[in-house]
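> 3D model of this:
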Amino acid sequence: MLAGYVIHLHPAKTVLIWMGSKQQQEKIVDHEVPISSSSIKTVDTARDIGVVLDSYLTMSAHVSSVSQRLVICASCVCRLMQPRQSSTRVHFVATRLL
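Residues are numbered from 1 along each chain as shown. Below is the predicted model of the structure:
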């Protein structure tokens, strides 16, 4: 019944990430996977539904990405909340969470 359904992959938008320990990943010799007339490249990190996954599943790439966005948001909030009088300015300190 499902034989008529086919997944169509866009080669420019499709990446492959091998997940596993360093020892397991060293066993992989082919870093490009041929599909149809093109090949899919492998990457160390991939973003899916807002979560950045890395090949070792450490979440360090995701934490780094989120902390960079938080620093940017904190600086925007700081600019918005600055009063017009310089004597009562409130200063926010944004630190990187690594």
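> quick one: the strands in the protein?
Taking DSSP state E as the test, the strands found in the chain are 32-35, 38-41, 45-48, 51-54.
> so which elements touch the last one?
When you say that, I think you mean strand 51-54. Strand 51-54 makes packing contacts with strand 45-48, helix 60-81 when contacts are defined by 3 or more Cβ pairs under 8 Å, 6 or more residues apart in numbering; DSSP states H and E. Any C-beta I mention is one placed from the backbone N, CA and C, and that applies to glycine too.
> next one: the first one
Packed against strand 32-35, as judged by 3+ Cβ pairs under 8 Å, 6+ apart, are the following elements: strand 38-41.
> roughly how far is the strand it packs on from the heart of the chain?
20 Å (Cα atoms, centre = their mean, to the nearest Å).
> averaged pLDDT, that strand. What do you get?
Mean per-residue pLDDT for strand 38-41: 81.
> where do the domain boundaries of this protein fall?
With domains defined by automatic domain parsing, the chain comprises 1-44, 59-98.
> any idea how many residues pack against Arg79?
By the criterion of other Cβ atoms under 10 Å, Arg79 has 9 neighbours.
> distance of the most centrally placed residue in the chain relative to Gln68?
When Cα atoms, centre = their mean is applied to the chain, the residue found nearest the centroid is Val52 (3.1 Å). As defined by Cβ to Cβ, to the nearest Å, Val52 lies at a distance of 11 Å from Gln68.
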